[in-house]
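Undergrad: All I have is the shape, not the residue letters:
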DNA sequence: TCAAAACGTTAACATAAGATAAGAATTTGG
DNA sequence: CCAAATTCTTATCTTATGTTAACGTTTTGA
């Protein structure tokens, strides 16, 4: 990878998971790439195996499915977050969803093959296993909390939660994406917002 | 751990994640316990940090929250599956939900402290990191698929899916638990079943 | 710069789901 | 073995959501 800036941001970004010493980091960096996605282009697509995991330097992406010709947005990622079509990446099966850049987006990329190479490299293997474990655990917890909100909360409660904790999503995403993210239609979210307005 | 039967079942059960050689397995076993839960007793409870991960030898458990005095079932586990209140186990924060034995249930237990000990043991560390990674990735994929079904499918579609793929749940769990698992009320599930009956 | 597309709100109507309660069948536990 | 609890269904009523369409506003992109 080239840019020293990007490298530094990435190193800091993943430091909550793993820290490499200089020798390890040197090898690790040889397995990284930079990628620029123009707005509206796809990081992953249905029917294609997603072979990359990305770290967002700048920009944002959304995950969406197409059902009955309609795009249904399921998730978002922003700066300093990892992004992949995880099931596809981990199982090597074709993705079921799109991952699309919502703005011009710069990413640090680790390919599946490079991860395998590092997992097979005695110098990096242990830390890569640990890195993978901690990342997977982190996202497992995210999913658990989100699942739980679907089981125990109403759409209105989920929206109120999002107002408190989802600043990036609330501020940067159009409302009809947020609606699907909450599991409802855009029309329904508009009504919920009106209800909340009147109550307050 | 005592029972050789249990050990063998457990070893086979986790072999899809990791295989230990005899020396490793010997040490690993020193960090396992057996636990028997009587029907309706709790493996995890709100307000208490869950410090164990279990492998179900016999029996089954359900995960549930209490909201407005009502029990809301979010998940089930059966024989040969791992069970824990994952967020609590991983973060060391109090659990937000109950995990309850639905029948007399026998488990192989690994405590948090024992996992830490093995992660710190040079002989086991690498494989334990890998084991943890693969388990977390496995459950991450489960969550991703389940989340996706909440975003893109109707309750009726989720129930039809469950009829195809959730034999244990359909056959062994009472319908009102299944309803909450699908994100709806028991009354609503009963109506969905009637609709499906009439259509067929 | 300007036409087209995207976005958010609102209305009207149809449908599904939540809440509550009653009743029958089954299971549980002492 | 039997009373109590659980489970499931059904009915009624209320409420929320989905669907479609219209409208004004904002954004986009050529």
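TA: Right, received. Where do you want to start? Small disclaimer: the values here were computed from a predicted structure and weren't measured. Residues are numbered from 1 along each chain as shown, chains lettered A, B, ... in the order given.

Undergrad: Show me where chain A dips below the pLDDT cut-off.
TA: Across chain A, the ranges flagged by pLDDT under 70 are A:1-2.

Undergrad: Just give me the residue right at the centre of it.
TA: residue A:83 (3.3 Å; CA atoms, centre = their mean).

Undergrad: could you list every residue that touches residue A:101?
TA: A:37-43, A:59-61 (CB atoms under 8 Å, 6 or more residues apart in numbering or on different chains). The C-beta positions use only the backbone N, C-alpha and C, and glycine is treated the same way.

Undergrad: Filter the residues you listed down to the ones in strands?
TA: With DSSP state E as the criterion, strands contain A:37, A:42-43, A:61 from among the contacts of residue A:101.

Undergrad: re earlier: ok, the residue nearest to the centre of chain A touching residue A:102?
TA: No - between residue A:83 and residue A:102 there is no contact, the gap being 11.6 Å when judged by CB atoms under 8 Å.

Undergrad: who touches both of the two?
TA: Joint contacts of residue A:83 and residue A:102 (CB under 8 Å, 6+ apart) are residue A:61.

Undergrad: circling back to that earlier point, can you tell me which of the contacts of residue A:101 are buried?
TA: Among the contacts of residue A:101, the ones that count as buried by 16 or more other CB atoms under 10 Å in any protein chain shown are A:37, A:43, A:59-61.

Undergrad: ok and the residue in chain A nearest DNA strand D?
TA: Nearest residue of chain A to DNA strand D (CB to the nearest atom of the strand) works out as residue A:188 at 3.1 Å.

Undergrad: Mind telling me what element that residue is part of?
TA: helix A:186-199 (DSSP states H and E).

Undergrad: what comes up buried for that helix?
TA: Buried residues in helix A:186-199, defined by neighbour count with 16+ other CB under 10 Å: A:189, A:192.

Undergrad: Contacts for that helix next, please.
TA: A:155-156, A:159-160, A:175-176, A:178-180, A:182, A:184.

Undergrad: Show me these that map onto helices.
TA: Using DSSP state H, A:155-156, A:159-160, A:175-176, A:178-180 are the members of the contacts of helix A:186-199 that sit in helices.

Undergrad: ok, so of those, who is nearest residue B:115?
TA: residue A:160 (36.5 Å; CB to CB).

Undergrad: Just give the number of residues close to that closest one.
TA: 14 (other CB atoms under 10 Å in any protein chain shown).

Undergrad: Count the neighbours of the nearest residue to residue A:3 once chain neighbours are set aside for me.
TA: Counting by CB to CB, 6 or more residues apart in numbering or on different chains, residue A:3 lies nearest to residue A:34, which is 6.4 Å off, once chain neighbours are set aside. Other residues lying near residue A:34 total 15 when counted by other CB under 10 Å.

Undergrad: the longest helix in chain A is where?
TA: Of all the segments assigned as helix in chain A under DSSP H, the longest by residue count is helix A:125-152.

Undergrad: follow-up on the earlier one: farthest pair in the ones in helices among the contacts of helix A:186-199?
TA: For the ones in helices among the contacts of helix A:186-199, the farthest-apart pair by CB to CB is A:160 and A:176; their separation is 18.6 Å.

Undergrad: does any part of stretch A:139-155 sit near DNA strand D?
TA: Yes - counting by CB under 7 Å from any atom of the strand, contacts between stretch A:139-155 and DNA strand D involve A:154-155.

Undergrad: Spell out which residues of chain A are next to DNA strand C.
TA: A:174-176, A:186-187, A:189-191, A:193-194.

Undergrad: redo that, cut-off 10 Å
TA: A:40, A:71, A:102, A:154, A:173-179, A:185-195, A:197-198 (CB under 10 Å from any atom of the strand).

Undergrad: just to revisit the earlier point, farthest pair within the contacts of helix A:186-199?
TA: A:160 and A:176 (18.6 Å).

Undergrad: Could you check how many residues crowd around the nearest residue to residue A:173 once chain neighbours are set aside?
TA: The shortest distance from residue A:173 to any non-neighbouring residue, by CB to CB, 6+ apart, is to residue A:76 (6.0 Å). Here the number of neighbours of residue A:76 (other CB under 10 Å) works out to 21.

Undergrad: ok, residue A:76 touching residue A:181?
TA: Yes - between residue A:76 and residue A:181 there is a contact at 7.1 Å, judged by CB under 8 Å.

Undergrad: overlap in contacts of the two?
TA: A:169, A:173.

Undergrad: can I get the buried ones among the contacts of residue A:101 in JSON lines with distance to residue A:142?
TA: Supplementary listing: those in JSON lines, determined by distance: CB to CB, whole Å:
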{"residue": "A:37", "distance to residue A:142": "23"}
{"residue": "A:43", "distance to residue A:142": "19"}
{"residue": "A:59", "distance to residue A:142": "20"}
{"residue": "A:60", "distance to residue A:142": "17"}
{"residue": "A:61", "distance to residue A:142": "16"}
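
Undergrad: In these, find the pair that's most separated.
TA: Greatest spatial distance among the buried ones among the contacts of residue A:101 (CB to CB): A:43 and A:60, at 11.2 Å.

Undergrad: How about the host helix or strand of residue A:163 and chain B, touching?
TA: Per DSSP H and E, residue A:163 falls inside helix A:155-165. No - using CB under 8 Å from any CB of the partner chain, helix A:155-165 stays clear of chain B, coming no nearer than 10.1 Å.
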